[in-house]
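[1] how does the following fold in three dimensions:
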Amino acid sequence: MAAAKQGDTVKVHYRGTLSDDTQFDSSRGGEPLEFTIGQNMVIPGFEDGVLGMEVGQSKKVSIPANEAYGQYNNDLVAVVPRSQVPPELELEVGMPLHVRSAEGQIARAMVRDLTETDVTLDLNHPLAGQDLIFEIELVEII
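    Below is the predicted model:
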């Protein structure tokens, strides 16, 4: 049986959890995730975990934060005047927003705190700083 290698397009089912077994994502109950190994379509640790797997094989992969979404970076937290946020937005703590940088790039941010005058935005990925655990099943090598 062939093993998954660089350049292969694969389909996998997965369940992603944190170290305390809190589930943050799963493909179970839906379509398997399809990606090409070596194309940086998924985080490096996940891709490395699939390398060498054979169709029908399942395994558990632990991915340290550095091979997932990186360490939490306090420099990616910014306090902005509430006047810079469109007034029609009804902000709530935990709400995701799309923000535009001075260079015109769009990034995803999370509202971390609100005051009468300021909004604290966090541009870290929600899983930054977290070690991740994936249960992976290789469904198909296309």
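[2] surely Thr120 meets Ala78?
    Yes - look at Thr120 against Ala78 with C-beta atoms under 8 Å: they come within range, at 7.4 Å. Heads up, the C-betas are built off the backbone N, CA and C, glycines and all.
[3] in stretch 41-51, which residues are buried?
    For stretch 41-51, the neighbour count (16 or more other C-beta atoms under 10 Å) marks 42-43, 45-47, 49-50 as buried.
[4] using PDB, list the CA coordinates for it.
    What follows is stretch 41-51, C-alpha atoms only, in PDB (Å, rounded to 0.1, in the frame of the first residue of the first chain):
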ATOM      1  CA  MET A  41      -2.400  24.500   3.000                       C
ATOM      2  CA  VAL A  42      -2.400  23.300   6.600                       C
ATOM      3  CA  ILE A  43      -0.200  24.000   9.600                       C
ATOM      4  CA  PRO A  44       3.300  22.400   9.300                       C
ATOM      5  CA  GLY A  45       2.900  19.900  12.200                       C
ATOM      6  CA  PHE A  46      -0.400  18.600  10.800                       C
ATOM      7  CA  GLU A  47       1.200  18.100   7.300                       C
ATOM      8  CA  ASP A  48       4.200  16.400   8.900                       C
ATOM      9  CA  GLY A  49       1.800  14.100  10.800                       C
ATOM     10  CA  VAL A  50       0.200  12.900   7.500                       C
ATOM     11  CA  LEU A  51       3.500  12.100   5.800                       C
END
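[5] average pLDDT for stretch 53-62?
    The average of the pLDDT scores along stretch 53-62 is 98.
[6] correction: the previous question concerned stretch 22-32.
    The average pLDDT within stretch 22-32 is 97.
[7] what does that stretch contact?
    Contact with stretch 22-32 is made by 11-18, 33, 127, 132, 139-140, as judged by C-beta atoms under 8 Å, 6 or more residues apart in numbering.
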